[in-house]
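Peer 1: using only what follows, build the 3D model:
(one chain, ligands or ions: 1)
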Amino acid sequence: MGITRYNSNPVLTKENVPFRVNSIFNAGAVKFKDDYLLLCRVEMPNGRSSFVLAKSKDGFTFEVDPKPCLSPEDHKEFYEFVEWGIEDARITRIKNKYYLTYTGYSNYMPLVMLAETEDFKDFEIIGPITEPSNKDCALFPEKIDGFYWKMDRPSNESRNYIWVNKSPDLLHWGDHKFLLGPTPGTWEADKVGGSTPPIKTKEGWLLLYHGVRGFGISGDIYKISVMLLDIKKPWRILGRSKEPILMPEMNYERIGDVGNVVFTNGWVVDDNGAVKIYYSGADSNICLATTTVDYLLSLCI
Ligand code: BMA
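Peer 2: Numbering: from 1, shown residues only. Model (predicted):
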């Protein structure tokens with residue numbers, strides 16, 4: 001076992017979208033009733049992003065809805081935070097609600113927005129839960145010690161570090177703790193950020209994250225890796241992979257709007273431990289890679 005790319009990748013490109021878009025990529029993922037749901041980012045021809053749902057019975061073949069389910073214009077009193085687009089949703093189920101944490105992009109720069117839904121038809125927008133600049137936020141799927149927890153990635157020109165923090169009500173956040181920064185001289189030398197929402201395993205919280213190394217004029221290379229956090233103290237890393245688990249190798253990962261990028265913000269983990277990682281190549285499509293929880297845990301040393 002390892003990480004296996006689906007042999008019919010990409011599973012979605014802009015040709016599969018029934019309305020005019022520049023690209024479809026960076027999907028949040030969840031199993032909802034009998035369907036695999038992807039909450040995909042669609043960059044509209046004007047360069048601003050919205051979300052559209054894609055549905056599948058088997059997790060491999062997806063159909064994209066005829067129109068977006070959430071756009072900046074739906075944000076009413078929060079519009080000023082999302083005027084330039086909404087991006088890269090992470091979906092976390094807590095009890096019977098699904099929470100979306102996503103980037104709101106505007107003249108203020110990126111911040112994290114929170115919305116909730118029970119049916120993926122009506123979305124209640126709760127509002128910003130960080131100040132700018134912050135992105136790559138995911139909620140933990142259950143309370144720890146009586147509090148909700150999230151991870152996020154506050155940043156400035158020179159620092160892009162992952163932090164975790166807690167809240168009694170999903171609105172007021174504190175007790176900020178540093179989790180991970182870049183490792184000089186490696187594939188993750190310049191930036192790191194959380195990727196998928198954590199899942200609970202017998203060994204701890206398991207999640208995918210991304211690392212970036214910049215190569216001057218040829219740009220940033222985005223790769224994906226995995227880490228394991230302590231179940232009771234989610235700011236403690238118990239282990240992480242010594243090497244990235246997925247890196248841009250295929251043409252559909254190397255060539256596109258932003259070349260040499262693999263990026264994920266959604267996975268579906270089945271009860272039997274099968275893992276479907278939905279990731280995007282070159283900010284231009286949605287792809288699938290499969291693995292297992294046990295294999296990912298074995299890498300976290
Ligand atoms: C990150 C995010 C992602 C994007 C990635 C690679 O900063 O903005 O949306 O996929 O860069 O371009």
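Peer 1: correct me, but residue 170 touches residue 124?
Peer 2: No: assessed by C-beta atoms under 8 Å, residue 170 is found out of contact with residue 124, at 11.8 Å. For glycine as for every other residue, the C-beta is placed from the backbone atoms N, C-alpha and C.
Peer 1: give me the more crowded residue out of those two.
Peer 2: More neighbours surround residue 170 than the other of residue 170 and residue 124, with 16 against 11 (other C-beta atoms under 10 Å).
Peer 1: SS state for that one?
Peer 2: Secondary structure assignment for residue 170 (DSSP: H, G, I helix; E, B strand; the rest coil): coil.
Peer 1: would you mind measuring from it to residue 106?
Peer 2: Distance from residue 170 to residue 106, counting by C-beta to C-beta, to the nearest Å: 22 Å.
Peer 1: cool, and residue 294?
Peer 2: In terms of C-beta to C-beta, residue 294 sits 42 Å off from residue 106.
Peer 1: and those two? which has more neighbours close in?
Peer 2: Higher neighbour count among residue 294 and residue 106: residue 106, with 17 against 13, using other C-beta under 10 Å.
Peer 1: next, name the residue at the spatial heart of this protein.
Peer 2: What sits nearest the mean C-alpha location of the chain, by C-alpha atoms, centre = their mean, is residue 265, with 1.9 Å.
Peer 1: check which helix or strand it maps to.
Peer 2: Residue 265 belongs to strand 262-269 when assigned by DSSP states H and E.
Peer 1: same thing with residue 205?
Peer 2: strand 204-214.
Peer 1: strand partners (parallel or antiparallel) of that strand?
Peer 2: Strand 204-214 has these partner strands in its sheet, going by DSSP bridges: strand 191-194 (antiparallel), strand 199-201 (antiparallel), strand 220-229 (antiparallel).
Peer 1: and the ligand, which of those is closest to it?
Peer 2: strand 220-229 (5.2 Å; C-beta to the nearest ligand atom).
Peer 1: quick one: buried residues of the closest one?
Peer 2: 221, 222, 223, 224, 225, 226, 227, 228, 229 (16 or more other C-beta atoms under 10 Å).
Peer 1: and stretch 133-142, by the same measure?
Peer 2: For stretch 133-142, using 16+ other C-beta under 10 Å, the buried residues are 133, 134, 135, 136, 137, 138, 139, 140, 141.
Peer 1: and stretch 293-301, by the same measure?
Peer 2: Of the residues in stretch 293-301, those buried (16+ other C-beta under 10 Å) are 293, 296, 297, 299, 300.
Peer 1: closest one to the ligand out of the residues you listed, please.
Peer 2: Using C-beta to the nearest ligand atom, these come closest to the ligand at residue 296, 21.4 Å.
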